[in-house]
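1. model this:
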Amino acid sequence: QVQLVESGGGLVQAGGSLRLSCDASGRTSSTYNMGWFRQTPGKEREFVVVISRSGANTYYADSVKGRFTISRDNAKNTVYLQMNSLKPEDTAVYYCAASLGPMWYRTKENEYAYWGQGTQVTVSS
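-> Residues are numbered from 1 along each chain as shown. The predicted structure is shown next:
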């Protein structure tokens, strides 16, 4: 079991930056591949990025590639999402999630076993 808590969301103007954090407790976070998803009202949860357990591998959705950067500090059991050049369409609730198993490339919601409660990101135009 692992518990995930996101933080760092807020209101920012277009072109600005935010850094989200996902703190894991319980089982050591290095056991898990970690992903970020986002969701807007009335829409399905959308994959944003995934990072492997070691941090050596990452995969980004095309919509955020070149603007967002995921990283992790396993000593602190924390995963970060640095978001730059934010756009109004990035407005959403952002969730971190953890998946088990050797395959790190996981982009589907049902491939993740544990979820945080989400943090709101609002980008004004």
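
2. list the contacts for the closest residue to Thr119 other than its chain neighbours?
-> Closest residue to Thr119 in three dimensions, ignoring its sequence neighbours and counting by Cβ to Cβ, 6 or more residues apart in numbering: Gly9, at 3.4 Å. Where you see a C-beta, it was placed from the backbone N, CA and C, and this is true even at glycine. Applying Cβ atoms under 8 Å, 6 or more residues apart in numbering to Gly9 gives the contacts 18, 20, 94, 119-121.

3. first to last residue in stretch 23-35, what's the distance?
-> 13 Å (Cα to Cα, to the nearest Å).

4. Next: stretch 96-104.
-> Stretch 96-104 stretches 15 Å from its first residue to its last (Cα to Cα).

5. residues making contact with that stretch?
-> Looking at what lies outside stretch 96-104 - Cβ under 8 Å, 6+ apart - the contacts are 2, 4, 6, 20, 22, 24, 29, 31-37, 50-53, 57, 79, 81, 106, 109, 111-116.

6. switch to 7 Å and redo it
-> Counting by Cβ atoms under 7 Å, 6 or more residues apart in numbering, stretch 96-104 makes contact with 2, 4, 6, 22, 24, 32-37, 50, 52-53, 57, 79, 106, 111-116, all of which sit outside it.
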